[in-house]
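>>> sequence first, predicted coordinates after that:
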Amino acid sequence: MNKPFITKAFIANTVTSMNIFCGFMSIVYASQNNFRYAAIFIITAAIFDTLDGIVARLLDTTSRFGVELDSLSDVVSFGAAPSFLIFKAYAFQFGPWGILLSSMLLIFGALRLARFNVMTEEIKIKGDFTGLPIPLAAITIALLIFSYYKDGKIIEPFSSLVIPLIIILSLLMVSRIRYSALPNLKDRKIKEKVFLFGLLLIALVLTIITNGQILFFIFAAIILFGILRHLFFVLTGKVNSN
């Protein structure tokens, strides 16, 4: 029997490709100095990044090819796109140093994804992520630009925080600090994905309605919580030696 023209894998990979497309659109809008749309497309890419996992599991079509395509998509949408966005909106003024600074999000994000791919089984066992997930770093940068880029510049005091934020996010992605995965909802992975998809969709709507200011602080708090939790474990001697 002939295979159908549109297969389950084709549907899942198309959703993943929308992640790449959104990352590309973010770069296009950033190149045109339309930074708000560029930021929105990064957040939209995160929605598709979650949705492709939902679709793959619903269609029972998870594959190694899909995993690799997902990682390549993340490099574009959560590495290249936020790096280019922050360069065009802020770091360009520092010349070659600005290029180097902006590229940290891309380089360290790619390293983060490579490590994630080889540590997948360990992550499943321990139930959390080693290092800051790259979408979280990218969304934080997107929310910063969306909320606080006014009249051709990032307003104070946030402009003074850009360089430290880029460095901290980049280092956190390749750190050994653990960030909790979503809570296990009755041991059904699909429910976790749907829950995350809903949160990201709400985040996108709230970003547009509230100008993203509250969400920026929420994401910053999530990142800070991971650091503080790690420090607590260090001080109490509870850090896993692995």
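Received the coordinates, thanks.

>>> isn't Ser26 up against Ile43?
No: Ser26 lies out of contact with Ile43 (C-beta atoms under 8 Å); the separation is 9.3 Å. (Glycine included, C-beta is placed from N, CA and C.)

>>> isn't Leu115 up against Gly131?
Heads up, residue 115 is Arg, not Leu. Yes: counting by C-beta under 8 Å, Arg115 does reach Gly131; the two are 6.9 Å apart.

>>> what distance do you get for the residue lying closest to Phe158 once chain neighbours are set aside to Ala137?
Of all residues not flanking Phe158 in the chain, Tyr148 sits nearest, at 4.4 Å (C-beta to C-beta, 6 or more residues apart in numbering). With the distance defined as C-beta to C-beta, to the nearest Å, Tyr148 ends up 17 Å from Ala137.

>>> re the thing from before, which one's more surrounded, Ser26 and Ile43?
Between Ser26 and Ile43, Ser26 has the larger neighbour count (other C-beta atoms under 10 Å), namely 31 against 25.

>>> what helix or strand does that one sit in?
Applying DSSP states H and E as the criterion places Ser26 in helix 8-31.

>>> CA atoms only: put that helix into PDB for me.
Presented in PDB, the C-alpha positions along helix 8-31 are these (Å, rounded to 0.1, in the frame of the first residue of the first chain):
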ATOM      1  CA  LYS A   8       2.400  12.000  10.600                       C
ATOM      2  CA  ALA A   9       6.100  12.800  10.600                       C
ATOM      3  CA  PHE A  10       5.500  15.400   8.000                       C
ATOM      4  CA  ILE A  11       2.900  17.100  10.200                       C
ATOM      5  CA  ALA A  12       5.200  17.100  13.200                       C
ATOM      6  CA  ASN A  13       8.200  18.300  11.300                       C
ATOM      7  CA  THR A  14       6.100  21.100   9.800                       C
ATOM      8  CA  VAL A  15       5.200  22.400  13.200                       C
ATOM      9  CA  THR A  16       8.900  22.200  14.200                       C
ATOM     10  CA  SER A  17       9.700  24.100  11.000                       C
ATOM     11  CA  MET A  18       7.400  26.900  12.100                       C
ATOM     12  CA  ASN A  19       9.800  27.400  15.000                       C
ATOM     13  CA  ILE A  20      12.600  28.000  12.500                       C
ATOM     14  CA  PHE A  21      10.300  30.300  10.500                       C
ATOM     15  CA  CYS A  22       9.500  32.400  13.500                       C
ATOM     16  CA  GLY A  23      13.200  32.700  14.400                       C
ATOM     17  CA  PHE A  24      13.900  33.800  10.800                       C
ATOM     18  CA  MET A  25      11.000  36.300  10.900                       C
ATOM     19  CA  SER A  26      12.500  37.700  14.200                       C
ATOM     20  CA  ILE A  27      15.800  38.300  12.400                       C
ATOM     21  CA  VAL A  28      14.000  39.900   9.400                       C
ATOM     22  CA  TYR A  29      12.100  42.300  11.700                       C
ATOM     23  CA  ALA A  30      15.200  43.100  13.800                       C
ATOM     24  CA  SER A  31      17.100  43.900  10.600                       C
END
